[in-house]
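>>> coordinates for the following, if possible.
(2 chains)
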Amino acid sequence: MKKWLNPRSAFGISLIAIALIALPFVAAMGGQAWVRIVNFAILYVFLALGLNIVVGFAGLLDLGYIAFYAVGAYAYALLASPHFGLHLPFWVILPIGALLACVFGVLLGSPTLKLRGDYLAIVTLGFGEIVRIFMNNLNAPVNITNGPQGITLIDPVAFGDFKFSGTTQIFGFALSGPQKYYYLLVVLSILVIIINLRLQNSRIGRAWQAIREDEIAAKAVGINTRNVKLLAFAMGASFGGVAGGVFAAMQGFVSPESFSLIESVMILAMVVLGGMGHIPGVILGAVLLSVLPEVLRYGVGPLQMAVFGKMLVDPESLRMLVFGLALVLVMRFKPAGLWPSPERKRELTGEA
Amino acid sequence: MLEVTGLHVAYGGIQAVRSITFHVKQGETVALIGANGAGKTSTLKAISRVIDAVGGDVHFCGEKITRLLPHDIIRKGIALVPEGRGVFPRLTVAENLAMGAYVRDDKADIALDMERMYAYFPRLKERAGQLAGTLSGGEQQMLAIGRALMSRPKMLLLDEPSMGLAPIMVQKIFEVVRAVAAEGMTILLIEQNAKLALESSQRGYVMESGQITLNGESAKLLDDPKVRAAYLGE
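Numbers count the residues shown, from 1 in each chain, chains lettered A, B, ... in the order given. Below you'll find the predicted structure:
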């Protein structure tokens, strides 16, 4: 705690705080679409930090992480929409979503305890797809998820009469819906970051580290590897569940296609590209990988017009091409990630 | 202190350990020697519960530990130094040692024991901040022994401490083993290097194809013509 009190870091923290407060107004200058892009970036930070617990801390390769996000999103959608006529407040649903995702985490974790690496990846991948396919098909004989049409008209987050959708006037400022969600997301992700930091330096954090390094040795020093691994799955999953709930509220609509395999892969890419197991790196990875495709979406077209005077390549396909190339280049030149933890960097570069 | 009776270990249809019985008394160093594939490591793994025994019993300090979970073994006071050392490569030397005290929560005592380990192994002190994966094989073995001692065990199980080490390092490691034993630690030592193992122990058991074929005082085993012929290259 002492570190926080010195003037330099206090100054740094205030700068970051001011930047975080001002960001949605700056983004709004480019239109509300940019505020939404920023919101999604934060949502991905949230998800990437959750996955980082499983992959980065405990070293368990999970390719089905999006399933927990889906569980959280559907929990919110079903409990706060006209679909079942339920309209529970969000602070009731978010813990339910987290708990449900946590149960699913244990459900995935327990049969895979003895698997590692590639084998674990395949099972988790299958799990992610199973959840998505269930969402897609649970509309008959009893309509639970409304199938591929998804669930619409989901209630926004609200504190009493204060709704997060639509524009409100506060202290003379007009705050749009996405801007309000932005602040909610920032608060939630600061919480997640704090939890992550605390976990990393805790006894559990050290147990995860030991398991990642050598499971037999971990058992030999007295770590209950089964419980500790399940805990990693459960904690990572509950973060995914909360993120899913916020996503459902923010969008007002969920459908199975938001939870495809590519989303799991993207989140994993954020963790790996940023710097596995290193919290600042993971945040950076999540922000970059969620914002970059959007920047390319808006930037590639005009750039072509300026350089060639006409559209040579469809921006939509060029966008993913550039994105993929960026991933390859980063992994080629920064194999430990853009901002790795000092240990991992040392390990990969072989410097003692 | 440790009593193994009728221990039987099998992998599928392959019998690795066929009903062996032996014991280790308090304060004693006992060597379990034998060739590759004789079943030494399987015996140790079954005692430390990393694998399940098919039959037989293990008692420690009068308590049956045959069905405990592996992470509880260390809480009973048995610390395993795994084969191939098993240090945590991406943790520093100091972090590895601290991990050895995972089952303890007396911070001040742990710090004292860290200093004790550094006194045992000055080499580790020099490299306290270095990643364990970058240490030489011998240093890693020292670290693995140090980590095991950090749990303040009543008994140490050593699995092939000489494996893959340069002869000079092997000598050093065995000096350490003897020093630890001299302080009163009970040790079960598993070794292919029969000469060193018998020289560092009071009693020895010879294992062959999953069975104990010879046992007795180490000094006598060293003179036994069969042992000399089979394990000491004479």
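
>>> how about the contacts made by residue 138?
Went with chain A since none was named. When contacts are counted by Cβ atoms under 8 Å, 6 or more residues apart in numbering or on different chains, residue A:138 is found next to A:144, A:145, A:147. Where C-beta positions appear, they are placed from N, C-alpha and C, glycine not excepted.

>>> wrong one, I was asking about chain B
Residue B:138 neighbours (Cβ under 8 Å, 6+ apart): B:165, B:166, B:169, B:172, B:173.

>>> same thing with residue B:94?
B:114, B:128, B:129.

>>> helix, strand or coil for the second one?
Which is residue B:128. Under DSSP: H, G, I helix; E, B strand; the rest coil, the three-state class of residue B:128 is coil.

>>> and if you look at the first one?
Secondary structure assignment for residue B:114 (three-state DSSP): helix.

>>> looks like it contacts residue B:97 (just checking).
Yes: counting by Cβ atoms under 8 Å, residue B:114 does reach residue B:97; the two are 5.7 Å apart.

>>> joint contacts of the two?
Both residue B:114 and residue B:97 are in contact with residue B:150, where contact means Cβ under 8 Å, 6+ apart.

>>> so those two - more neighbours on which side?
residue B:97 (25 against 20; other Cβ atoms under 10 Å in any protein chain shown).

>>> in contact with the more buried one, which residues?
Contacts for residue B:97 were tallied using Cβ under 8 Å, 6+ apart; they are B:114, B:117, B:124, B:143, B:146, B:147, B:150.

>>> can you check the pLDDT for residue 52?
You didn't say which chain, so I picked chain A. pLDDT, residue A:52: 93.

>>> wait, chain B
86.

>>> count of neighbours near the closest residue to it other than its chain neighbours?
Leaving aside its sequence neighbours, residue B:52 sits nearest to residue B:46 (Cβ to Cβ, 6 or more residues apart in numbering or on different chains; 7.3 Å). Residues contacting residue B:46 under the criterion other Cβ under 10 Å number 24.

>>> output the contacting helices and strands for the one helix or strand residue B:46 maps to.
Per DSSP states H and E, residue B:46 falls inside helix B:40-47. With contacts taken as 3 or more Cβ pairs under 8 Å, 6 or more residues apart in numbering or on different chains; DSSP states H and E, helix B:40-47 sits against strand B:2-11, strand B:14-24, strand B:29-34, strand B:155-159, strand B:186-191.

>>> do that again at 10 Å, thanks
strand B:2-11, strand B:14-24, strand B:29-34, strand B:55-60, strand B:78-81, strand B:155-159, strand B:186-191, strand B:203-208 (3 or more Cβ pairs under 10 Å, 6 or more residues apart in numbering or on different chains; DSSP states H and E).

>>> that one relative to strand B:14-24, how many degrees between them?
Computed by axes from the mean of the first three to the mean of the last three Cα atoms, to 10 degrees, the angle separating helix B:40-47 from strand B:14-24 equals 70 degrees.

>>> the stretch 101-250 of chain A against chain B: which residues are in contact?
A:203, A:206-207, A:209-228 (Cβ under 10 Å from any Cβ of the partner chain).

>>> of these, just the buried ones, PyMOL syntax please.
Selecting only the buried entries of those in PyMOL, with 16 or more other Cβ atoms under 10 Å in any protein chain shown as the criterion:
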select buried, chain A and resi 206+207+209+210+211+212+213+214+215+216+217+218+219+220+221+222+223+224+225+226+228
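
>>> next step: the residues of the stretch 101-250 of chain A next to chain B restricted to helices.
The helices, defined by DSSP state H, take in A:203, A:206-207, A:209-213, A:215-220, A:225-228 from those.

>>> from the stretch 51-200 of chain A, which residue is nearest to chain B?
Nearest to chain B, among the residues of the stretch 51-200 of chain A, is residue A:59, at 9.9 Å (Cβ to the nearest Cβ).

>>> which of the contacts of residue B:138 ranks first by neighbour count?
Going by other Cβ under 10 Å, residue B:173 tops the contacts of residue B:138 with 22 neighbours.

>>> now for the helix or strand containing that one, which elements pack on it?
For residue B:173, the host element (DSSP H and E) is helix B:167-182. On a contact count with 3+ Cβ pairs under 10 Å, 6+ apart, helix B:167-182 meets strand B:29-34, helix B:107-120, helix B:137-149, strand B:155-159, strand B:186-191, helix B:194-199.

>>> shaky segments in the chain?
Assuming you mean chain A. A:1-5, A:172, A:343-352 (pLDDT under 70).

>>> wrong one, chain B
Low-confidence segments of chain B (pLDDT under 70): B:233-234.

>>> can you tell me the centre-most residue of chain B?
Of all residues in chain B, the one closest to the mean position by Cα atoms, centre = their mean is residue B:158, 1.1 Å from it.

>>> okay but it is in contact with residue B:48, surely?
No: using Cβ atoms under 10 Å, residue B:158 makes no contact with residue B:48, being 11.4 Å away.

>>> list residues touching both of the two?
Counting by Cβ atoms under 10 Å, 6 or more residues apart in numbering or on different chains, the residues touching both residue B:158 and residue B:48 are B:79, B:80, B:82.

>>> need those residues in TSV (columns: distance to chain A and neighbour count).
Converted to TSV, the shared contacts of residue B:158 and residue B:48 look like this (distance: Cβ to the nearest Cβ, whole Å; neighbours: other Cβ atoms under 10 Å in any protein chain shown):
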residue	distance to chain A	neighbour count
B:79	7	26
B:80	5	30
B:82	6	23
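
>>> from chain A, how far off is the residue nearest to residue B:52?
As judged by Cβ to the nearest Cβ, to the nearest Å, residue B:46 and chain A stand 14 Å apart.

>>> tell me who's in contact with that residue.
Counting by Cβ under 10 Å, 6+ apart, the residues that residue B:46 touches are B:4, B:7-9, B:16-17, B:20, B:39, B:52-54, B:56, B:58, B:66.

>>> please apply the same query to residue A:273.
Residue A:273 touches A:48, A:281-282, A:284-286, A:288-289, A:326-327, A:330-331, A:334, A:337-339, counting by Cβ under 10 Å, 6+ apart.

>>> out of those residues, which end up buried?
Buried among the contacts of residue A:273 by 16+ other Cβ under 10 Å: A:48, A:281-282, A:284-286, A:288-289, A:326, A:330, A:337-339.

>>> so residue B:212 belongs to a strand, correct?
Yes: assigned with three-state DSSP, residue B:212 falls within a strand.

>>> contacting residues for it?
Residue B:212 neighbours (Cβ under 10 Å, 6+ apart): B:4, B:17-22, B:32, B:34, B:38-39, B:43, B:205-206.

>>> repeat that with 8 Å
B:20, B:21, B:22, B:205, B:206.

>>> leaving out the residues flanking it, which one is nearest to residue A:46?
Leaving aside its sequence neighbours, residue A:46 sits nearest to residue A:243 (Cβ to Cβ, 6+ apart; 4.5 Å).

>>> if anything else comes up later, I'll come back, but that's it for now.
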